[in-house]
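any chance you can model this:
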Amino acid sequence: MTLVHNFSAGPSAIPKIVIEQIRCDFPNWNGTGMSVIEASHRGKEFKEIAQETESNLRLLLGVPKNYQVLFVQGGASLQFSMIPLNLSASTSVVDYVITGSWGKKAAKEGSKFSKVNIASDSIHSNYTSIQNEEDWRKSANADYLHMTSNETIGGVEYNFIPRAKNIPIVTDMSSSILSRPVDISKYGLIYAGAQKNIGPAGLTIVIIREDLIGKARSETPTLLNYKTYSDSNSMYNTPPVFSWYVAGLVFKYLIDIGGLSKIESLNIEKASLLYEYIDQSEFYSNPVKEDYRSRMNIPFLLKDKSKEEEFIKQSHRAGLVNLKGHRSVGGMRASIYNALEIAAVNDLISFMRDFENNNG
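Have a look, this model is predicted:
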């Protein structure tokens with residue numbers, strides 16, 4: 001069977017070496033005589049994996065001691081509800097910065113639980129840039145400021161950390177976590193769905209400062225309360241054991257190749273190759289302002305929109321899959337997460353060049 005280059009925005013590619021490890025482990029995981037999906041999360045073997053996974057994530061990200069790492073279900077979208085329920089009161093003001101579709105969804109959900117103030121909305125640029133922070137309309141007494149570090153759909157990424165005196169910054173890092181070093185101490189809470197740079201869907205990582213735990217509203221459901229996960233080592237109920245196990249393998253892989261500084265340099269190289277080709281072409285274009293271009297998600301348009309369907313068909317036949325842009329913006333999108341190798345980007349550029357020569 002011929003393998004393809006998977007440019008999906010999520011579920012996305014997993015490092016080949018990790019896939020091979022999964023295949024080897026699956027029938028007889030860790031010498032237990034069964035697969036990991038059959039193992040009890042209460043068993044000694046899985047508890048050891050869980051502890052090692054958290055330890056390696058802390059090592060990779062340099063997570064300070066006064067932060068807890070929680071392994072939660074429900075995807076990053078469930079955090080849109082958990083965050084206001086745990087960090088604010090119903091009468092409180094909470095600030096949201098909207099830089100694309102996911103920020104917009106987070107703010108809409110947050111408004112069900114607290115008084116949302118839209119501190120900034122990049123609609124003025126059709127979500128192709130981020131408004132200058134000097135022009136944001138922050139609240140003086142917000143319980144938190146929510147941002148989306150990287151907008152998967154629009155390909156817009158922050159190149160700065162907002163200023164927020166004594167106000168916790170909450171950020172959705174679903175599509176940028178582990179792609180570069182991060183100063184965790186600048187944030188009150190970071191959350192990320194696993195299905196982009198971590199592993200299979202089903203797991204969400206929450207990194208939260210300890211003083212923000214234990215403040216949930218009295219009506220907060222048990223499984224939406226961060227304290228529930230903190231008190232039970234994220235095992236109040238059965239966690240997604242397979243996703244947790246694969247995440248652990250990915251963390252080991254990242255450590256083995258040299259950590260986040262190494263993966264960042266590879267990501268910069270991949271993104272630079274693709275952006276440079278798009279920018280020199282009159283056939284393709286990227287709508288995002290250069291200072292805010294994502295390293296992870298690169299949308300691009302064809303000069304002749306009528307050829308988009310043919311581009312998708314031919315690219316798929318060439319083994320370049322999941323390049324169709326999100327239905328809300330159209331065009332194409334190459335998601336080049338950690339697991340996607342430079343060879344995949346070079347093959348994409350080669351195909352784009354041939355398609356341009358034949359259709360330009």
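
where does pLDDT dip in this protein?
The chain contains residues with pLDDT under 70 at 1.

tell me the domain boundaries of it?
Per the record, the chain has its domains at 16-256, 258-359, by automatic domain parsing.

need the contact partners of stretch 258-266.
Outside stretch 258-266, the residues that touch it by CB atoms under 8 Å, 6 or more residues apart in numbering are 60, 61, 178, 179, 180, 181, 182, 254, 257, 338, 342. Where C-beta positions appear, they are placed from N, C-alpha and C, glycine not excepted.

ok, longest helix in the protein?
Criterion DSSP state H: the longest helix present in the chain is helix 259-280.

what comes up buried for it?
Within helix 259-280, the residues that count as buried by 16 or more other CB atoms under 10 Å are 259-260, 263-264, 266-267, 270-271, 273-275, 277-278.

which strands or helices does whatever helix or strand comes next after that helix pack on?
Next along the chain after helix 259-280, taking DSSP states H and E as the criterion, comes strand 284-285. Helices and strands touching strand 284-285, by 3 or more CB pairs under 8 Å, 6 or more residues apart in numbering; DSSP states H and E, are helix 259-280, strand 297-302.

can you redo those as a markdown table with distance to residue 55?
Output for the helices and strands packed on strand 284-285, formatted as a markdown table (distance: least, CB to CB, whole Å):
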| stretch | distance to residue 55 |
| --- | --- |
| helix 259-280 | 14 |
| strand 297-302 | 30 |
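
and residue 65, which of the ones you listed is closest to it?
Among these, the nearest to residue 65 by CB to CB is helix 259-280 (19.1 Å).

kindly export the closest one (C-alpha atoms) in CSV.
These are the backbone C-alpha positions of helix 259-280, laid out as CSV (Å, rounded to 0.1, in the frame of the first residue of the first chain):
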residue,chain,number,x,y,z
GLY,A,259,12.9,18.9,22.0
LEU,A,260,10.9,22.0,21.0
SER,A,261,13.8,24.1,19.8
LYS,A,262,14.6,21.4,17.2
ILE,A,263,11.0,21.0,16.1
GLU,A,264,10.6,24.8,15.9
SER,A,265,13.5,25.0,13.5
LEU,A,266,12.0,22.3,11.3
ASN,A,267,8.6,24.0,11.3
ILE,A,268,10.1,27.3,10.3
GLU,A,269,11.9,25.6,7.4
LYS,A,270,8.7,23.9,6.2
ALA,A,271,6.6,27.0,6.4
SER,A,272,9.2,29.2,4.8
LEU,A,273,9.5,26.9,1.8
LEU,A,274,5.8,26.9,1.2
TYR,A,275,5.2,30.6,1.8
GLU,A,276,8.2,31.5,-0.4
TYR,A,277,6.8,29.5,-3.3
ILE,A,278,3.3,30.9,-2.9
ASP,A,279,4.6,34.5,-2.7
GLN,A,280,6.7,34.3,-5.9
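
ranges for the helices of the stretch 1-150 of the chain?
Taking DSSP state H, counting those that start in this stretch as the test, the helices found in the stretch 1-150 of the chain are 16-25, 44-61, 75-87, 101-110.

deepest in the core, which of those helices is it.
Among the helices of the stretch 1-150 of the chain, helix 75-87 has the highest mean neighbour count (mean count of other CB atoms under 10 Å), at a mean of 22.

which residues does that helix contact?
72, 74, 94, 102, 105-106, 109-110, 112-114, 143-144, 146, 168, 170, 172, 174, 188-189, 191-193, 201, 204, 206, 212-213, 215-217, 220, 224-226.

go through these and flag which are in strands.
72, 94, 146, 170, 172, 189, 191, 192, 193, 204, 206 (DSSP state E).

quick check: end-to-end length of stretch 87-98?
19 Å (CA to CA, to the nearest Å).

ignore the last one, stretch 116-135
Start and end residues of stretch 116-135 are separated by 18 Å (CA to CA).

pull out the buried residues from that stretch.
Those would be 116, 117, 118, 119, 120, 121, 122, 127, 128, 129, 130, 131, for stretch 116-135 by 16+ other CB under 10 Å.

so how far is residue 192 from the first one?
Right, the one you point to is residue 116. Residue 116 sits 22 Å away from residue 192 when distances are taken as CB to CB, to the nearest Å.

residue 185 now?
Distance from residue 185 to residue 192, by CB to CB: 17 Å.

have a look at those two and say which one is more surrounded.
More crowded of residue 185 and residue 192, by other CB atoms under 10 Å: residue 192, with 24 against 12.

what about the nearest residue to that one once chain neighbours are set aside, neighbour count?
Nearest residue to residue 192 in three dimensions, chain neighbours excluded: residue 177, at 4.1 Å (CB to CB, 6 or more residues apart in numbering). Look at residue 177: counted by other CB under 10 Å, it has 28 neighbours.
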